[in-house]
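Colleague: Okay, here's the prediction I keep looking at, along with the sequence it came from:
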Amino acid sequence: MPDSTSRRRTSMPPAVYILGLSVFALGTSEFMLSGLLPPIADDMNVSIPQAGLLISAFAIGMVVGAPLLAVATLRLPRRTTLIALISVFGLGQIAGALAPTYEVLFASRVVSALACAGFWAVGAAVAIAMVPVNQRARAMAVMIGGLSIANVLGVPLGAFLGEHFGWRSAFWAVGAASAVALIGVVTRIPYIPLPEKKPELRRELAIYRDRQVWLAIVITALAAGGVFCAFSYLAPLLTDVAGLDSGWVPWILGLFGIGALVGTTIGGRVADAHLFGVLLSGITASTVFLAALALFASSQAAVVALAFLLGLSAFFTAPRSTPGCSTWPGRPRRWPVPRRRPRSTWATRAARGWAAR
């Protein structure tokens, strides 16, 4: 009897892993452009900085879409919403693969990001609603683990496809992965009833009055923004500054992903027990590694090592920095609430955290 009880407490519902699989497709699309900027720039006849604006387009869609879609879907069935969002995301990948002009590709990235942001918000709400309070960080770690695996496998594969079969093939591959994710969501995500008490928009937005919430958003945005600004241009940095052959780019992007996977795994395990320490150590390490990258960007050995270390430090804080499974040191445990609280609250808070990325 104790053994079976222990197993129930420590195991994750299969649906949480389906969400992680879906995030793999989302994350691959989100980050794969870091390895595709040179071929996209050549094909679209634009500069590398202009091609880099496609990454900004995705970021804009995430920032705008996360809070808006979290609010817009407050009263919609969670499962139906997830199905709709992953479908729109997949169509966005097809549009990107077929894009005849830079402007169409730019628009497809914004639409894909809107769907991605909405899926993160609702998916995070579903994930933490299906587990006990003391496993919420682990559930988020499973979802974010999909993002880490996307960096380990998806992003390098996208770079490989872009180099050997054209950058459009990477978009087709993500479209296929989105179709697989859609099947998983349809078949494995359970129906989650809406709360008896209708969610109120005013109550959902009231938390913006809390200065510490804004502090969390600013800290998360600065920390994540610093790392991913460097990551976005890692491919040209490796080839043009460090002098590596383009064939090394997929491998080093994969090394960043391995670091991200290690960081997510460790961070998810210790985040519930060490609140402040995870954030402080991860952000401090990322700051040091970014400074080292600026100083030693021309050293091939240093760049390779720092790619791994930046992935580790950036994703070490990811489970901890997701609102809905966080508390503030020295403050009452306000955010974690009983399971019967309307799940829309978790969607809105998760949206705020991932918009800050």
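Modeller: Noted; the coordinates are in hand.
Colleague: thinking residue 180 is in contact with residue 22, fair?
Modeller: No: between residue 180 and residue 22 there is no contact, the gap being 9.1 Å when judged by Cβ atoms under 8 Å. All C-beta atoms are positioned from the backbone trio N, CA, C, and that covers glycine.
Colleague: Of the two, which one has the most company?
Modeller: residue 22 (28 against 14; other Cβ atoms under 10 Å).
Colleague: how much space between the more buried one and residue 85?
Modeller: Distance, residue 22 to residue 85, by Cβ to Cβ, to the nearest Å: 9 Å.
Colleague: Overlap of the contact sets of those two?
Modeller: Common neighbours of residue 22 and residue 85, using Cβ atoms under 8 Å, 6 or more residues apart in numbering, are residue 119.
Colleague: how many other residues sit next to residue 12?
Modeller: Counted with other Cβ under 10 Å, residue 12 comes out at 16.
Colleague: For residue 213, which phi and psi angles does the backbone take?
Modeller: phi -70, psi -40 (degrees, to the nearest 10).
Colleague: Please name the nearest non-neighbouring residue to it.
Modeller: Leaving out its chain neighbours, the residue that sits closest to residue 213 by Cβ to Cβ, 6 or more residues apart in numbering is residue 207, at 5.5 Å.
Colleague: Check residue 109 too.
Modeller: Per Cβ to Cβ, 6+ apart, closest to residue 109 is residue 57, 4.2 Å.
Colleague: In three-state terms, how would residue 228 be classified?
Modeller: helix (DSSP: H, G, I helix; E, B strand; the rest coil).
Colleague: pLDDT below threshold where in the stretch 1-150 of the chain?
Modeller: Across the stretch 1-150 of the chain, the ranges flagged by pLDDT under 70 are 1-10.
Colleague: ok so, going back, quick check: which helices or strands does the strand or helix carrying the residue nearest to residue 109 pack against?
Modeller: Element membership for residue 57 (DSSP states H and E) is helix 48-72. Counting contacts by 3 or more Cβ pairs under 8 Å, 6 or more residues apart in numbering; DSSP states H and E, helix 48-72 packs against helix 37-44, helix 102-129, helix 201-205, helix 344-355.
Colleague: Make JSON lines out of these and add mean neighbour count and distance to residue 166.
Modeller: JSON lines is the format used below for the helices and strands packed on helix 48-72 (neighbours: other Cβ atoms under 10 Å; distance: least, Cβ to Cβ, whole Å):
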{"stretch": "helix 37-44", "mean neighbour count": "20", "distance to residue 166": "7"}
{"stretch": "helix 102-129", "mean neighbour count": "25", "distance to residue 166": "13"}
{"stretch": "helix 201-205", "mean neighbour count": "13", "distance to residue 166": "44"}
{"stretch": "helix 344-355", "mean neighbour count": "25", "distance to residue 166": "31"}
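Colleague: From residue 44, how far out is the nearest residue to residue 239 once chain neighbours are set aside?
Modeller: Distances taken as Cβ to Cβ, 6+ apart place residue 246 nearest to residue 239, at 5.5 Å, with adjacent residues excluded. Using Cβ to Cβ, residue 246 is found at 18 Å from residue 44.
Colleague: which residues in the stretch 251-357 of the chain form helices?
Modeller: Using DSSP state H, counting those that start in this stretch, the helices of the stretch 251-357 of the chain run over 275-295, 300-316, 318-321, 344-355.
Colleague: residues contacting residue 283?
Modeller: 219, 223, 313, 317 are the contacts of residue 283 under Cβ under 8 Å, 6+ apart.
Colleague: Select only the buried ones of those residues in ChimeraX?
Modeller: Typed into ChimeraX, the next command selects the buried ones out of these (criterion: 16 or more other Cβ atoms under 10 Å):
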select :223,313,317
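Colleague: Can you tell me which of the contacts of residue 283 comes closest to residue 16?
Modeller: residue 317 (20.3 Å; Cβ to Cβ).
Colleague: Which of the helices or strands spans residue 180?
Modeller: Going by DSSP H and E, residue 180 is in helix 167-188.
Colleague: mind listing what's buried in that helix?
Modeller: Under 16+ other Cβ under 10 Å, the buried positions of helix 167-188 are 167-168, 170-175, 177-179, 181-182, 184-185.
Colleague: Can I get it in PDB, CA atoms only?
Modeller: Included here for helix 167-188 are C-alpha records, laid out as PDB according to Å, rounded to 0.1, in the frame of the first residue of the first chain:
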ATOM      1  CA  TRP A 167      15.700  26.300 -45.100                       C
ATOM      2  CA  ARG A 168      12.100  25.600 -46.200                       C
ATOM      3  CA  SER A 169      12.500  22.000 -45.500                       C
ATOM      4  CA  ALA A 170      13.000  22.800 -41.800                       C
ATOM      5  CA  PHE A 171       9.600  24.500 -41.700                       C
ATOM      6  CA  TRP A 172       8.000  21.500 -43.400                       C
ATOM      7  CA  ALA A 173       9.600  19.200 -40.700                       C
ATOM      8  CA  VAL A 174       8.100  21.300 -37.900                       C
ATOM      9  CA  GLY A 175       4.800  21.200 -39.600                       C
ATOM     10  CA  ALA A 176       4.900  17.400 -39.600                       C
ATOM     11  CA  ALA A 177       5.900  17.500 -35.900                       C
ATOM     12  CA  SER A 178       3.000  19.800 -35.200                       C
ATOM     13  CA  ALA A 179       0.600  17.200 -36.800                       C
ATOM     14  CA  VAL A 180       2.000  14.500 -34.500                       C
ATOM     15  CA  ALA A 181       1.500  16.800 -31.500                       C
ATOM     16  CA  LEU A 182      -2.100  17.500 -32.600                       C
ATOM     17  CA  ILE A 183      -2.800  13.800 -32.700                       C
ATOM     18  CA  GLY A 184      -1.400  13.500 -29.200                       C
ATOM     19  CA  VAL A 185      -3.500  16.300 -27.800                       C
ATOM     20  CA  VAL A 186      -6.700  15.000 -29.400                       C
ATOM     21  CA  THR A 187      -6.200  11.500 -28.200                       C
ATOM     22  CA  ARG A 188      -4.500  11.900 -24.800                       C
END
